[in-house]
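Novice: what would the 3D arrangement of this be:
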Amino acid sequence: SFYRGVDAAVAELAPGAKPSETYLAQNHNWGLELQVDYLGGTFKIMDPDGTVKKLIVCEFCWAASNYVCAQFIGAMSTRETAGALVSALKFYGRKPALLVCDNAWSMVEKHEYGKEAIINPGMQRLLSKLGIQINPATVYSPQSKSAVEYAGRLIRERCLRRMPEGAVMSQAEASRELQRLIDRYINSAGFRSAGRGTSRAELYRRYEAPAAMPLPEVLPEYAEFYPHVRATRAYLVSAGDWTLSVPYEYAGRLVCVEIGKDEALVWTNDGMKLIARHALAKADAGRTIVDEAHMPPSHRAIKAKELKYKCEGDITAAARKLGPGAASLCSAILRRDGFLQGRKGCIAIINFGIKQIKLDRKAEFEEACSNVRAKEPRDWNSYKVVGALKTILQEEIDSEDGRFQKQSSLPLPDGGAPDAGDSPAKTRSRRT
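Specialist: This is a model prediction of the structure:
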């Protein structure tokens, strides 16, 4: 047992020292406590792709029945430990009320003797979803989790020795083989009474499992948890590699962010109300992900205007609705400058044309576009279109037989005088 091992270690370090004559028996309630630990050292396998992997054994043991489950993990990280825990719960088919662990950083951020432990936020969040409390072992007191400590010794002596180290197998295959050996040489073997007592598997089936709690219908997956993150004035929060939007009402406020495998969740600071949900893809890591529903109305209007013309086809289609002159001019600008550079000028021409059509100036606008298109390429821009239209309208005012000859004045687009470079004689023949 654990205590016999301690006595042997003491005798080796201090010959002649008297072994301890008494020890405090640990009494555990059925179904209450599951212990977790890592087995020291690594175990090598050859992955089918030829990669050599050094794996670590993550072991679990019920405190009352000593029923054991273990699997190989790649690192003592919070994510891999959490994955091992969920797999162990699936194996047991039940869950404990309490998880007892050591003080590894994957589960505990800080723990000093005589003080409470500060639990890793991601692990705490997962256990909260599972409805399991956590109690790290007292610092420098391994007897707090003596059941899993002893199970680790048995795994090393009875199981790992029977596994060929360096064999070609995947990590999942290695874990299945390890559990098979554990079931045969530990769980099914006699427990206590010199190996003649009731087996751990039978104790678990008869007493531990009925007293333990049922599993939830859906076991949650581990997610990195970031508590107390302040949203910027741009209603964005940063968590790990991700920058995500929250509803604009939460700008400047504290929130909690949960980064899962393919989804990010943002909660109110108390973790009770879900306020944002984002789908995640590896290609988006490092980029800012904004949900338009989180924007205030004024920002949504700006975004909608930006997204209205996403490619050359959107611009040419909108220009064709205004007329062939506008379509020809916008196409020429896009050929000259390319989409990214010419986009803004084309949009300005389109918006200007929509406004003129509402003022019943479609023919004049089309003529202005055609006049600009006939100029040198350097003159293909929205400023020249506005100037050309002013010239056309001014000419109609001055014409003795123009549509507006009886009006003493006519409002010109955007105010001002006609473009000096667009004289009536050079740009058009008079209307008859």
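Novice: quick one: the closest residue to Leu127 other than its chain neighbours from Thr198, how far?
Specialist: Excluding the flanking residues, the one nearest Leu127 by C-beta to C-beta, 6 or more residues apart in numbering is Ile134, at 5.5 Å. Quick note: C-beta positions are derived from backbone N, CA and C, even for glycine. Using C-beta to C-beta, to the nearest Å, Ile134 is found at 29 Å from Thr198.
Novice: the two: who's more crowded?
Specialist: Set side by side, Ile134 and Thr198 show more neighbours around Ile134, with 19 against 14, by other C-beta atoms under 10 Å.
Novice: pretty sure that one contacts Leu98?
Specialist: Yes: between Ile134 and Leu98 there is a contact under C-beta atoms under 8 Å: 7.3 Å.
Novice: what sits in contact with each of these two?
Specialist: Counting by C-beta atoms under 8 Å, 6 or more residues apart in numbering, Ile134 and Leu98 have no common neighbour.
Novice: quick check: which element contains the residue nearest to Lys54 when sequence neighbours are not counted?
Specialist: In this structure, Lys54 finds its nearest non-sequential neighbour in Thr42, 4.1 Å apart by C-beta to C-beta, 6+ apart. Element membership for Thr42, per DSSP states H and E: strand 33-46.
Novice: what strands flank whichever helix or strand comes after that strand, and is each parallel or antiparallel?
Specialist: Per DSSP H and E, the first helix or strand lying C-terminal to strand 33-46 is strand 52-62. Strands that pair with strand 52-62, judged by DSSP bridges, come out as strand 33-46 (antiparallel), strand 68-73 (antiparallel).
Novice: the stretch 151-300 of the chain: helices as residue ranges?
Specialist: Secondary structure of the stretch 151-300 of the chain by DSSP state H, counting those that start in this stretch: the helices cover 171-182, 200-203, 209-211, 297-307.
Novice: show me which parts of the longest helix along the chain are buried, residue by residue.
Specialist: Longest helix in the chain, counting residues (DSSP state H): helix 339-358. Residues of helix 339-358 classed as buried by neighbour count (16 or more other C-beta atoms under 10 Å): 342-343, 345-347, 349-350, 352-353, 356-357.
Novice: let me know the closest of these to Tyr248.
Specialist: Ile347 (26.1 Å; C-beta to C-beta).
Novice: that closest one and Ile315 touch, don't they?
Specialist: Yes: using C-beta under 8 Å, Ile347 is in contact with Ile315, at 7.1 Å.
Novice: give the residues shared as contacts by the two.
Specialist: Common contact partners of Ile347 and Ile315 (C-beta under 8 Å, 6+ apart): Tyr309.
Novice: run through the strands of the stretch 251-400 of the chain in chain order.
Specialist: 254-259, 263-268, 274-279, 288-289 (DSSP state E, counting those that start in this stretch).
Novice: try the stretch 51-200 of the chain
Specialist: For the stretch 51-200 of the chain, the strands defined by DSSP E, counting those that start in this stretch occupy 52-62, 68-73, 94-95, 98-101, 108-110, 118-119, 133-136.
Novice: and the third one, what does it pack onto?
Specialist: Going back to what we said before, that points to strand 94-95. Using 3 or more C-beta pairs under 8 Å, 6 or more residues apart in numbering; DSSP states H and E, the elements in contact with strand 94-95 are strand 213-214.
Novice: now the strand holding Thr42: buried residues?
Specialist: Here strand 33-46 shows 33-39, 43, 45 as buried, counting by 16+ other C-beta under 10 Å.
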